[in-house]
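Q: Predicted structure and sequence below. I'll ask about it afterward.
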Amino acid sequence: MDPLNKELQELVTDFRTHEAVCEERWKTIFNEVRDAASDSKDRNRDMKESLNKLHRLVWSVGGALILFLAGIVVSGNIL
């Protein structure tokens with residue numbers, strides 16, 4: 001086998017090895033992106049639930065405060 005054919009064969013082998021390695025890396029990247037998208041949806045849902053709970057708490061405390069202050073005004077015990 002002449003040196004040129006041997007070098008060409010080594011290049012082909014190296015290229016195929018490179019393609020196989022890159023394919024595996026891309027598969028890993030795509031799987032991680034897919035998993036991150038799923039995790040993001042779960043975090044988004046949890047965050048919305050937390051904000052809704054906080055929203056209800058603010059309205060409840062605000063309503064209680066209004067009733068408390070209205071009670072003070074109605075009873076005439078301002079000072």
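A: Great, that's in hand.
Q: can you give me the helices in the protein?
A: Secondary structure of the chain (DSSP state H): helices located at 3-75.
Q: Show me the shaky parts of it.
A: Applying pLDDT under 70 to the chain picks out residues 1, 78-79.
Q: Tell me which residue is most central in it.
A: The centroid of the chain falls nearest to S40 when counting by C-alpha atoms, centre = their mean (2.7 Å).
Q: and it, how far is that from K48?
A: Look at S40 and K48: by C-beta to C-beta, to the nearest Å, they are 13 Å apart. For glycine as for every other residue, the C-beta is placed from the backbone atoms N, C-alpha and C.
Q: D14 too?
A: For D14 relative to K48 (C-beta to C-beta), the value is 51 Å.
Q: How far off centre is stretch 59-78?
A: Distance of stretch 59-78 from its chain centroid, counting by C-alpha atoms, centre = their mean, to the nearest Å, is 42 Å.
Q: Ok, stretch 38-51 next?
A: Taking mean C-alpha positions (C-alpha atoms, centre = their mean), stretch 38-51 and its chain are 8 Å apart.
Q: got the CA positions of that stretch in CSV?
A: Extracted C-alpha coordinates of stretch 38-51, given in CSV (Å, rounded to 0.1, in the frame of the first residue of the first chain):
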residue,chain,number,x,y,z
SER,A,38,-40.0,19.7,30.5
ASP,A,39,-38.4,21.0,33.8
SER,A,40,-39.2,24.5,32.7
LYS,A,41,-42.8,23.7,32.2
ASP,A,42,-43.0,22.2,35.7
ARG,A,43,-41.3,25.2,37.3
ASN,A,44,-43.6,27.6,35.4
ARG,A,45,-46.7,25.7,36.7
ASP,A,46,-45.3,25.7,40.3
MET,A,47,-44.5,29.4,40.1
LYS,A,48,-48.0,30.3,38.8
GLU,A,49,-49.5,28.3,41.7
SER,A,50,-47.3,30.1,44.2
LEU,A,51,-48.3,33.5,42.7
